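1. next come a sequence and a model predicted from it.
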There are 2 protein chains.
Amino acid sequence: MRKNWLACDLKRVSDHRGTLAIGELAHQLPFVARRFFFATGVPVGVMRGGHAHKTIEQFAVCVHGRVTLILDDGIERTQLHLHPSGPGVFIPAMVWDEWRDFSNDAVLLVLASKEFDESDYVRDYQQFIELVRG
Amino acid sequence: MRKNWLACDLKRVSDHRGTLAIGELAHQLPFVARRFFFATGVPVGVMRGGHAHKTIEQFAVCVHGRVTLILDDGIERTQLHLHPSGPGVFIPAMVWDEWRDFSNDAVLLVLASKEFDESDYVRDYQQFIELVRG
């Protein structure tokens, strides 16, 4: 498993007003965010993701509920269970991701290093394997 | 009310896999995000915020539950009720913000144009009024 897949702790500040979870993008992560999205209302049993990016880097954090992330670099596959009190995950380019087991109240936030570009997606797993193995 | 306080619609894509709400930062908003935070577990009756920034710009979106945002530019005060199906809000520099009426399941996401800098905060309302009224 490559270290840069691994969970990335967020700074947390808790007091009588609740909890802030904080990420400094240019420090903790090697990009500034030019795009963000959040997924809600994902039905039980549905998978999201199922692609890799040629160049776009992402940071994902589950901000409500629970979700499972599967990451695959073509050699190794790992599974992470994400929730709001836990870490986020940096997803480098050319890593296949699949999001599964959304709880019915899950909110998944993703920050991305670039604007949307369909040509940056690798949506076929066999093609992904050929690209990473090379 | 200045237009640039106003709600900023996010693109939404809904299908059988749920809903994505998407923001393109360099296009829709005049900054890329160098910092993000999300607030959770805010007790009923508690206010968060209560400050302005001298230079930092922010974009706020309620990604779960409900929360009320009060914005004040020293001349006019407005109130916005935010929830995940609605717009986000661009908060320019030198606008006082207060967050109130968090539902007990609320998650408030904020993207910021710069890293944390205590000297960028104006935490005293009277000082804020003096600064904006010049």
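-> Good, I have the coordinates.
2. ok now the helix or strand bottoming out on mean pLDDT in chain A, how far from the chain's centre?
-> In chain A, no helix or strand scores lower on mean pLDDT, DSSP states H and E than helix A:25-28, which sits at a mean of 81. Distance, stretch centre to chain centre, for helix A:25-28: 16 Å (C-alpha atoms, centre = their mean, to the nearest Å).
3. same deal with stretch A:49-61?
-> 7 Å.
4. and the end-to-end length of it?
-> End-to-end distance for stretch A:49-61: 14 Å, by C-alpha to C-alpha, to the nearest Å.
5. next: stretch A:112-127.
-> 22 Å.
6. cool, stretch A:103-111 as well?
-> 21 Å.
7. also stretch A:51-67?
-> 17 Å.
8. only the buried residues of it, if you could.
-> Residues of stretch A:51-67 classed as buried by neighbour count (16 or more other C-beta atoms under 10 Å in any protein chain shown): A:52-53, A:56-67. Every residue, glycine included, has its C-beta placed from N, CA and C.
9. quick check, the least confident helix or strand of chain A touching chain B?
-> Yes. Helix A:25-28 comes into contact with chain B (C-beta under 8 Å from any C-beta of the partner chain), by way of A:25, A:26, A:27.
10. including neighbour count, could those residues go into a markdown table?
-> Output for the residues of helix A:25-28 next to chain B, formatted as a markdown table (neighbours: other C-beta atoms under 10 Å in any protein chain shown):
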| residue | neighbour count |
| --- | --- |
| A:25 | 21 |
| A:26 | 15 |
| A:27 | 10 |
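11. other residues contacting the helix or strand that contains residue A:20?
-> Assigned by DSSP states H and E, residue A:20 belongs to strand A:18-24. Residues outside strand A:18-24 that contact it (C-beta atoms under 8 Å, 6 or more residues apart in numbering or on different chains) are A:8, A:10-14, A:29, A:59, A:61, A:63, A:84, A:88, B:34-43, B:46, B:48, B:102, B:115-116.
12. let's see that with 6 Å instead.
-> A:10-13, B:35-42, B:115 (C-beta atoms under 6 Å, 6 or more residues apart in numbering or on different chains).
13. enumerate the residues of chain A near chain B.
-> A:17-26, A:32-42, A:46, A:48, A:63-64, A:84, A:107, A:115 (C-beta under 6 Å from any C-beta of the partner chain).
14. now whichever helix or strand residue A:130 is part of: buried residues?
-> Per DSSP H and E: residue A:130 is located in helix A:125-133. Buried residues in helix A:125-133, counted by 16+ other C-beta under 10 Å: A:128, A:132.
15. next one: stretch A:109-116
-> Neighbour count says stretch A:109-116 has A:109, A:110, A:111, A:112, A:113, A:114 buried, by 16+ other C-beta under 10 Å.
16. re earlier: mind checking which of the buried residues of stretch A:51-67 are in strands?
-> Among the buried residues of stretch A:51-67, DSSP state E puts A:52, A:53, A:58, A:59, A:60, A:61, A:62, A:63, A:64, A:67 in strands.
17. list the beta-bridge partners for the second one.
-> With DSSP bridges as the criterion, residue A:53 is bridged to residue A:121.
18. where does chain A have low pLDDT?
-> A:1-5 (pLDDT under 70).
19. residue with max distance from the center of it?
-> The C-alpha centroid of chain A is most remote from residue A:16, which lies 30.0 Å away (C-alpha atoms, centre = their mean).
20. please name the residues that touch that one.
-> Contacts of residue A:16 (C-beta under 6 Å, 6+ apart): none.
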